[in-house]
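Visitor: need a 3D model of the following:
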Amino acid sequence: MNDIFVLFGISSWKPVVAALLLPPVPFILLMLVGTRLVLPRRGLGWLLALTGAVLLWLSACSGTARLLSQALLAPPAALPLQRIAELKAEVQAKQPIAIVVLGGGAKSLAPEYGVSNLSSQSLERLRYGLWLGRETGAPVAFSGGIGWADVAASPVPEAQVAARIATQDFGRPIKWTEERSRDTRENAAYTVPLLKEQGIRRAIIVTHERHMPRAMRAFVQAAEGSGIVFEPAPVDLLDAQLRQPSSWLPSTGGLRMVREVLHEAAGRAFGA
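Guide: You can find the predicted model right below:
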């Protein structure tokens with residue numbers, strides 16, 4: 001499916017298609033169809049309307065997000081502290097290791113700062129990547145250009161914004177930036193050659209837990225035959241307690257997480 005978008009030159013439509021196919025839009029449409037059928041076909045109409053309402057409720061629950069993530073994505077666990085200590089020893093032994101942070105969006109102007117800024121997702125990834133760099137001593141790379149969904153939101157490549165924030169706000173400059181990529185596949189396609197040029201043999205990939213399976217697949221495919229080994233270091237792991245009532249109450253955070261899980265599952269299924 002991704003190849004079809006590329007073939008017809010409509011890759012910029014992907015955010016629009018995702019917005020229409022992901023919750024809550026399909027369930028709202030299902031409820032509207034049900035209410036339209038209540039008079040001519042009372043039983044079917046009520047069934048569709050109630051089904052849409054239940055699915056709409058569940059699509060905004062953090063418990064649903066965790067169950068879907070486990071079933072559809074099987075994301076990796078957090079990078080253990082013991083492994084971080086091992087990476088530090090390997091870096092000290094002059095092993096060619098790098099930390100690669102993947103961008104997740106930016107905006108051209110944050111009024112409170114008066115300059116461009118990263119999205120909350122990108123900032124979370126950047127912070128963890130810089131922390132890993134400090135803890136292990138490994139150099140940090142950031143991959144992110146202007147994403148399909150950010151063409152109108154940010155005319156500045158995301159990696160440039162990240163480099164400024166890393167230096168000015170965290171006091172830890174980024175060593176390498178990749179500024180051309182517009183999606184996950186391009187993150188990998190443009191970053192792998194950079195790593196090869198620098199002689200990197202192991203790269204620690206930093207992105208959100210839901211995004212990690214697709215990101216790892218893209219990097220492994222892009223680096224086939226290069227000898228580079230990739231290791232996941234996810235952030236924002238889903239930790240909803242399934243037995244707690246709060247995990248089954250609708251929330252904006254729950255809806256966001258469910259959408260992200262379904263988005264990643266669709267991306268894997270269609271080769272995005």
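Visitor: how close does Phe27 sit to Ile97?
Guide: Distance, Phe27 to Ile97, by C-beta to C-beta, to the nearest Å: 45 Å. For the C-beta atoms, the positions are set from N, CA and C on the backbone; glycine is no exception.
Visitor: quick one: Gly171 is in a helix?
Guide: No - according to DSSP: H, G, I helix; E, B strand; the rest coil, Gly171 belongs to no helix; its state is coil.
Visitor: surely Thr64 is in contact with Trp57?
Guide: No - under the criterion of C-beta atoms under 8 Å, Thr64 lies out of contact with Trp57, with a separation of 9.1 Å.
Visitor: quick one, which of the two is more surrounded?
Guide: Thr64 (25 against 15; other C-beta atoms under 10 Å).
Visitor: that's a helix at that one, yeah?
Guide: Yes - secondary structure of Thr64 (three-state DSSP): part of a helix.
Visitor: point out where the stretch 151-272 of the chain drops to low pLDDT.
Guide: Residue ranges of the stretch 151-272 of the chain with pLDDT under 70: 151-154, 272.
Visitor: where exactly do the helices run in it?
Guide: According to DSSP state H, counting those that start in this stretch, the stretch 151-272 of the chain carries its helices in the segments 158-168, 184-197, 212-222, 252-269.
Visitor: CA-only coordinates of the third one in CSV, if you can.
Guide: Put plainly, it is helix 212-222. Only the C-alpha atoms of helix 212-222 are listed here, as CSV (Å, rounded to 0.1, in the frame of the first residue of the first chain):
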residue,chain,number,x,y,z
MET,A,212,9.4,0.6,17.7
PRO,A,213,8.5,-2.6,15.9
ARG,A,214,7.9,-0.8,12.6
ALA,A,215,11.1,1.3,13.0
MET,A,216,13.2,-1.7,13.8
ARG,A,217,11.9,-3.5,10.7
ALA,A,218,12.7,-0.5,8.5
PHE,A,219,16.3,-0.1,9.8
VAL,A,220,17.0,-3.8,9.6
GLN,A,221,15.8,-3.9,6.0
ALA,A,222,17.7,-0.7,5.1
